[in-house]
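In: got a sequence here, can you build the structure:
(2 chains)
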Amino acid sequence: MSDNSIRFRPVSRRRVLAAGAAGGAVLAAAGTVPRVLRAQPAAIKVGLLHPVTGAISYSGQQARAGALMAIEDINAAGGIASMGGAMLEPVLGDAQSQPEVGAAEVERMNEEGVAAIIGAYASSISLATTQAAARYDLPHIVDVGVSDQIVSRGLANVFRFGPGFGKIADTAITNLVTINEAAGSPARTVMIVHEDSLFGSGLADLLNARLPEHGFEVLDTISHPTPTRDFNNVVLQLKARQPDLIIPANYYNEYVLLARTMLQQRVQPKAVYSVLGGAASSFRFLEEFPGAAQYIMDCNHWYDPSNPKSAELRQRAEGEGLYFTYEFFLDYCCVGLLADALERAGSAERPAIIEALAASTWDGHIMPYGPTEFVDGQNQGARPVNTQILGDDIEVIFPTEVASAEPVFPMPERG
Amino acid sequence: MLQLSILAPAVLNGLMTGAVYALIALGLTLIYGVLHIINFAHGALLMLSLFGVYFLNRLAGIDPYVALVIVVPAMFALGYALQRGIIARTSHGKDENVLLVTLGIALIIENLALFFWRSDTRTIDVPYAFDVVDVGFTFLSVPRLVAFGAAFVVAGLLWLLMSRTDLGRAIRAVAKERQGARVVGIDVEHIFAMSFGIGTACVAAAACLLLPTFYVTPQVGNAFVLIAFTVVVLGGMGSFTGALVGGLLIGLVESLGGLFLGETLGQIGIFLVFIAVLLFRPTGLFGDRT
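Out: Numbering: from 1, shown residues only, chains lettered A, B, ... in the order given. Model prediction:
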């Protein structure tokens, strides 16, 4: 608490720059001067809360890596200028892939006096962490958590940068209709395979309600727990019913296993059209199992490929041995969003940050969203993108203004 | 819905999974049959074996099937030492003490694993993990077929050991009449520890066969130990045939349950069977009617 109540006198931009330059020169000259100087403003603690262990640890670790890289970048560029160059200090949390652990971590982060929390990747975890943070008016930026329940409870401290699954399902269905009609409408029947927590079940309900409105028949909806390590029964059902389209919605490990089992059992639909498929637009999946990944389509979070900053960031992530996945770049952007709010708030006090986030018009990100605009905590411009794995790359096929390839549909026979 | 094209492969999948359950249950039933103790550490020992196979593969590049020759003797030794060094000493010959001691061991092993290896879900990647055999109406997974065959081989070896060797005779003697066995010169403590060691070795073999298609987390043992207990109760406490048949049956129930009730609800069938057996045939399918 006390950390956050320190107030800073407004400082002019010129003075900050001058001070920064002078400070930099002194540091460079002295070489061994410790980083924490007496004159330096207190660091701003930022809670990074992700499921870095447990069933969805891969995604959590990717998200954490993205956020950490962004904090490094902001600090290297001089921290928060309006607060005298205050540095961001990450406070790491692990939700262990369980909502209740996530909520407990919020309590701990609050005790440690974080200014804001970024996280918590999964819908079920984010639902719990945002609720816990609301008790302390603690600003919480939701990085992924697609369930629309997260932003529909009237919590003023919650801001979601990415799209929710209502928006994603709409976009996915609109684009699916377009793709199908362009090919002479060969696809009519659908089967949905989804994980059984808030994210997968909620999305499956949405798809079940909306697909029939567009002339698709949902033959069956199969749910499975996370983790699941055997998809033979699921794939047997897919094989027996022979749907034109298979729509998976699950997390990374299960997605990979499902895709590999489908290839193993020679399931041959007209398309695997994932909606938020955990691995369907992942460079790691493509690299490790190119055969199972080929031609898979996905409607998911994706960067704007026409933004030069995207390619630069991807190169840096890969330079550090990381895959450039949506968890990584969404969390990278969320830190930028918070830094922009801190810059405008000029204070690490929670109400000031919440107010600044609510008024945010930030466009320094790499997503195809436009400037941020929050209504009831949801970023209005946020939208998903359709991708397809073609050859050794993941191409954007929709929306057309950022597309890098034409969709291949129906998919050719896979060996 | 009920199509043969799904049902037949689902039955085969269930039997293949069931063979691994049988293997785990064989170890449990051996320990029960001789020591008359319900070994709650069984799942933790399975988890430990799975981590052994995992690290041998990840750090030394050893194939999980090759790892059999390392993990099985190592776990046998650990099992022997556990019984001789801890369980026998702390139980003071009372069965209810043994129960608590094995539970304590399980808790310690699991929490140490959680501390050192975190709760990540880990898998290994072997080139044959997704190889299949075309049997006409379906494709059967090669590693699961291997596990199926190996479970029968292990069960056969165990039967030979019990019926044709001096060690087997001694184990049976100790199981039947502890004092009598001691009177005729059998080292009862040694036989106890050997039984525990062999039971643990069965779990180690199951781990080597499981990992190519399964995963390991510090909590992975819990799911299996529940199933193994169900199998042992279903087959009859201490019965090898019972463990084998019970394992296959439970695998079948799980697979068909998953098919008809969905993956999330599928496991409920196992526990329904468990309750039904306890209600109507408490001695199990092949158990002694005592």
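In: which parts of stretch A:187-201 are buried?
Out: For stretch A:187-201, a neighbour-count test (16 or more other CB atoms under 10 Å in any protein chain shown) marks A:187, A:189-201 as buried. In short, each C-beta sits where N, CA and C put it, glycine included.
In: the chain: strands as residue ranges?
Out: You didn't pick a chain, so chain A it is. All strands of chain A, identified by DSSP state E, fall at A:44-50, A:88-94, A:116-119, A:140-142, A:158-160, A:189-195, A:217-224, A:245-249, A:271-275, A:297-300, A:374-375, A:378-379, A:385-390, A:393-398.
In: wrong one, chain B
Out: B:132-134, B:139-141.
In: hey, which of these is tucked in deepest?
Out: Greatest average neighbour count among the strands of chain B goes to strand B:139-141 (a mean of 21), per mean count of other CB atoms under 10 Å in any protein chain shown.
In: could you list the low-confidence segments of the chain?
Out: Here I'm looking at chain A. Residues of chain A meeting the criterion pLDDT under 70: A:1-39, A:415.
In: was after chain B, sorry
Out: B:1-2, B:288-290.
In: looking at it, which helix is longest?
Out: Identified as the longest helix of chain B according to DSSP state H is helix B:4-35.
In: quick one: that helix near chain A?
Out: Yes - residues of helix B:4-35 contacting chain A under CB under 8 Å from any CB of the partner chain: B:5-6, B:9-10, B:13, B:17.
In: select only the buried ones of those in PyMOL?
Out: Selection of the buried residues among those in PyMOL, burial being defined by 16+ other CB under 10 Å:
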select buried, chain B and resi 6+9+10+13+17
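In: a markdown table for the residues of helix B:4-35 next to chain A, including distance to A:Glu217?
Out: Formatted as a markdown table, these follow (distance: CB to CB, whole Å):
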| residue | distance to A:Glu217 |
| --- | --- |
| B:Ser5 | 21 |
| B:Ile6 | 20 |
| B:Pro9 | 25 |
| B:Ala10 | 24 |
| B:Asn13 | 28 |
| B:Thr17 | 33 |
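In: how many residues are close by residue 78?
Out: Here I'm looking at chain A. By the other CB atoms under 10 Å in any protein chain shown criterion, the neighbourhood of A:Gly78 contains 16 residues.
In: that's the other chain; I wanted chain B
Out: So B:Leu78, with other CB under 10 Å, has 19 neighbours.
In: excluding its backbone neighbours, what's nearest the one residue in the stretch 151-290 of chain B that gets nearest to chain A?
Out: Shortest the stretch 151-290 of chain B-to-chain A distance, computed as CB to the nearest CB: residue-wise this is B:Glu263, at 3.8 Å. Of all residues not flanking B:Glu263 in the chain, A:His224 sits nearest, at 3.8 Å (CB to CB, 6 or more residues apart in numbering or on different chains).
In: which residues does that neighbour form beta bridges with?
Out: With DSSP bridges as the criterion, A:His224 is bridged to A:Glu195.
In: list the contacts for it?
Out: Applying CB atoms under 8 Å, 6 or more residues apart in numbering or on different chains, we find A:His224 in contact with A:193-196, A:231, A:234, A:250, A:254, B:262-264.
In: what parts of the stretch 201-350 of chain A come near chain B?
Out: Residues of the stretch 201-350 of chain A lying near chain B (CB under 8 Å from any CB): A:222-225, A:227-230, A:232-234, A:236-237, A:239-240, A:253, A:260-261, A:263-266, A:288.
In: just the buried residues of the residues you listed.
Out: Here the buried ones among those, as counted with 16+ other CB under 10 Å, turn out to be A:222-225, A:227-228, A:230, A:232-234, A:236-237, A:239, A:253, A:260-261, A:263-265.
In: which residues in the stretch 151-290 of chain B form helices?
Out: Counting by DSSP state H, counting those that start in this stretch, one finds helices in the stretch 151-290 of chain B at the ranges B:166-176, B:178-183, B:188-210, B:220-235, B:240-261, B:268-280.
In: what does the second one contact?
Out: Under the contact criterion CB under 8 Å, 6+ apart, helix B:178-183 has outside partners B:170, B:173-174, B:188, B:191.
In: hmm, 7 Å instead?
Out: B:173-174, B:188 (CB atoms under 7 Å, 6 or more residues apart in numbering or on different chains).
In: please apply the same query to stretch B:254-263.
Out: Under CB under 7 Å, 6+ apart, the answer for stretch B:254-263 is A:222-225, A:228, A:233-234, B:6, B:10, B:13-14, B:17, B:266-270.
In: run the last query once more with 6 Å
Out: Contacts to stretch B:254-263, defined as CB atoms under 6 Å, 6 or more residues apart in numbering or on different chains, come from residues A:223-224, A:233, B:10, B:13-14, B:266, B:269-270.
In: and chain A, what are its domains?
Out: A:2-162+A:306-379, A:166-300+A:385-402 (automatic domain parsing).
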